[in-house]
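Provided below are the primary sequence and the corresponding predicted coordinates.
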Amino acid sequence: MLEVQHISHQINRKVLLDDVSLAVWPGELVAVVGANGAGKSTLLKTFSRELSPTQGQVLLDKKPIGQFSALELARRRAVLAQQNPLAFEFSVYELVMMGRYPHFEGQPRPEDLAIVDYALERTGISQLAGRAVPTLSGGEQQRVHLAKILAQLMSSEDINRPDVPIRQSRYLLLDEPTTGLDFYYQHSLLEVASELTRRGYGVVAILHDLNLVMQYAHKVLLLKEGKALAFGKPAAILTTESIRQAFNLSVQIIHQPELDCPLIVHTRQAISVPLTT
Amino acid sequence: MQTDLQPPLAAAPSQRIIPTGLPRSKGWWLNGLLLVLLLVVMVWSVGIGAVSISVPDVLAILLRQVGWEIAAVEPQQETVLTVIRLPRILLGVLVGGVLGISGAAIQGLFRNPLADPGLIGISSGASVMAVLMIVLQLKIFRDLSSLSGLYTLSLAAFAGAVGTTLLVYTLARKNGRTVVSTMLLVGIAINVFCEALRGLMMYLADEAQLRTISTWSMGSLGGASWEVLQVATPFLLLPILLMPRLSKPMNAFALGESQAGHLGVDVSKLKRNVVILATLGVGVAVAVSGVIGFIGLVVPHLIRLISGANHRTVLPASALLGAIVLTLSDLVARTIVMPAELPIGIITGMIGAPTFLFMLIRGAGNRA
């Protein structure tokens, strides 16, 4: 289990996070939602140990995250960042191979090559392997970085025995992973994440599209101004009232019998459109 | 309806995947080719000069040194080759190698293909100290014989390099972390100061001193001897041998500090190691051969154009190409105005600057 306990974070007296607790169990996809500046990225950076909080602690399997070496941690959790700067023109293949760096010394082993090939195929970029990353479109680059973190976390057992759950829990931290992706790949990405949760991975994802949250997340944390507003199953948490509170926006929640989950649409208060004429 | 929305993805491949081992072998080819080229250039250029020695004679003389006589050799040729040419060629190879690889490593550290060791004050620190020694004629420097004088000058230059690098590194530290962009800005400020100090010294200098300063600040391998090599070789070899071991973390570093951290790279350790090795290498290089510009900037850039960005290839290849370029530049420098010689920095600058401009314009065109 990966958890943050009573996390507070301040920079120059500005409170970014205020007593937030969140636990991710293996097999769970937890979405973090909230308005811009609500503290979502700060929370994710605390999870990844990029930021040490002013107060509170981060635990991986009940052990403070500070007790893990950088390398141990790199084998247990991977981060899909919002910004992906790249200083030099690496090829897609080389960049995805970087995901395997925590696993080998010197030259990559055959299993590292196999896992990179698998990650390329799984994200649908095998045919781009030889291309220079900066020449790709934004969405393609996002998929390259997804392939990189897949390569970072997966083991050869994931490929060869996909039905057996993983032995040691591993975590994906996704910061707005669907940004820049087209409709198809937004769902594709969350499908990959869901499949990993079925194998025993835990996922924390910052998402903006509440309908994606409804469809894919097991649990959702609603943040407002650094405070946890609500936490629980999406259908129970994402209500007209809570969304109004978090986003200052009025929405309607539509239940369609032929859909698995409710649909959230924005309603303009000023114009009330009658349903029948 | 739901089934239509369900993205088919790439269906999870179930069978075992055979590794294709994609573009990995290219780097070995390039490095092998450069190594052969370097050996050819060395054997060829060692025979050229006031006393011309043919390639078979060069090989015969070299083999004689290791106790294998295949042909008669001329004693005069042998003396010229072993006493004058060989140490000079070897020093050129080592200095060129260290300038090339340090340039590549510093560019990796700054995540900027336009950075070079001069940028963080390594070269200017070394040169300002040397100029101070020349002009102020400190007692120790004046009293010692010429060889020891050279040592003192070298030692002062090295101390200057270490001093400025430490200063830049310390000033750029904030809350225990080195901020790379601040390091760059501090480096620029230090460079300006060093330049001013150097200008002041040149203003105070007399004719003879000016001449020494100008030769020295444009670089020359004229000081090469076996004694110099004996002192400098370990320091020049160390960065060349150790830096390629940092290629994996340096690749990850291209993704930015936080992402490199996510991949398990100890970012502060990497930064420290690169700065220490580059200062050691470039500091000693400036100490024995003066300031030789543009190799550290242009060579890694050229390699990246050929092989891509992977430091596993770029680092050793930059060392090899740096060695080749400097050996050839020195060949031109010592033969073009025989019996005098040109400072080598003039040659590298004249070839380097247009090459660099060409690459810049071409690069800008590619990105537009």
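All right, it came through fine.

Now find how far off-centre whatever helix or strand residue B:208 lives in is within its chain.
Element membership for residue B:208 (DSSP states H and E) is helix B:207-217. Average the C-alpha atoms of helix B:207-217, do the same for its chain, and the two points are 23 Å apart (Cα atoms, centre = their mean, to the nearest Å).

Can you tell me what sits against that helix?
Contact with helix B:207-217 is made by B:127, B:130-131, B:134-135, B:153, B:198, B:201-202, B:205, B:222, B:290-291, B:343, B:345, as judged by Cβ atoms under 8 Å, 6 or more residues apart in numbering or on different chains. Every residue, glycine included, has its C-beta placed from N, CA and C.

same question, stretch B:160-170
Contacting residues not belonging to stretch B:160-170 are listed as B:120-130, B:178, B:183, B:186-187, B:190, B:194, B:275, B:279, B:282-283, B:286-287 [Cβ under 8 Å, 6+ apart].

Now go through those and say which are in helices.
Among these, the subset assigned to helices under DSSP state H consists of B:122-130, B:183, B:186-187, B:190, B:194, B:275, B:279, B:282-283, B:286-287.

nearest residue to the residue of the stretch 151-300 of chain B found nearest chain A other than its sequence neighbours?
Among the residues of the stretch 151-300 of chain B, residue B:264 lies nearest to chain A; the distance is 3.0 Å by Cβ to the nearest Cβ. Nearest residue to residue B:264, sequence neighbours excluded (Cβ to Cβ, 6 or more residues apart in numbering or on different chains): residue A:74, at 3.0 Å.

neighbours of the residue of the stretch 151-300 of chain B closest to chain A, just the number please.
Burial of residue B:264 is recorded as 19 neighbouring residues (other Cβ atoms under 10 Å in any protein chain shown).

Equivalent analysis for residue B:325, please.
Neighbour count for residue B:325, taken as other Cβ under 10 Å: 24.

Any idea how far the helix or strand it falls within is from the middle of the chain?
Residue B:325 belongs to helix B:311-335 when elements are defined using DSSP H and E. Here helix B:311-335 shows a centroid-to-chain-centroid distance of 8 Å under the convention Cα atoms, centre = their mean.

what element comes up after it heading to the C-terminus?
Per DSSP H and E, helix B:311-335 leads on to helix B:344-367 as the next helix or strand towards the C-terminus.

what comes up buried for stretch B:338-347?
B:341, B:342, B:343, B:344, B:345, B:346, B:347 (16 or more other Cβ atoms under 10 Å in any protein chain shown).

In contact with the nearest residue to the third one once chain neighbours are set aside: list those residues for me.
By that I understand residue B:343. Closest residue in space to residue B:343, ignoring its immediate chain neighbours: residue B:218 at 3.4 Å, by Cβ to Cβ, 6+ apart. With contact set as Cβ under 8 Å, 6+ apart, residue B:218 has these partners: B:290, B:291, B:343, B:344, B:345, B:346.

how about 6 Å then?
The neighbours of residue B:218, taking Cβ atoms under 6 Å, 6 or more residues apart in numbering or on different chains as the test, are B:343, B:345, B:346.

The first one reaches residue B:220, doesn't it?
Yes. Under the criterion of Cβ atoms under 6 Å, residue B:343 lies in contact with residue B:220, with a separation of 5.4 Å.

Tell me which stretches of the stretch 1-150 of chain A form strands.
Listed from the start of the chain, the stretch 1-150 of chain A has strands (DSSP state E, counting those that start in this stretch) covering A:2-11, A:14-24, A:29-34, A:55-60, A:63-64, A:77-80.

Columns distance to chain B, mean neighbour count and mean pLDDT on top of the ones you listed, output as a markdown table?
Below are the strands of the stretch 1-150 of chain A laid out as a markdown table (distance: least, Cβ to the nearest Cβ, whole Å; neighbours: other Cβ atoms under 10 Å in any protein chain shown; pLDDT from 0 to 100):
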| stretch | distance to chain B | mean neighbour count | mean pLDDT |
| --- | --- | --- | --- |
| strand A:2-11 | 12 | 18 | 93 |
| strand A:14-24 | 17 | 18 | 93 |
| strand A:29-34 | 16 | 26 | 96 |
| strand A:55-60 | 14 | 16 | 94 |
| strand A:63-64 | 17 | 10 | 94 |
| strand A:77-80 | 4 | 26 | 95 |
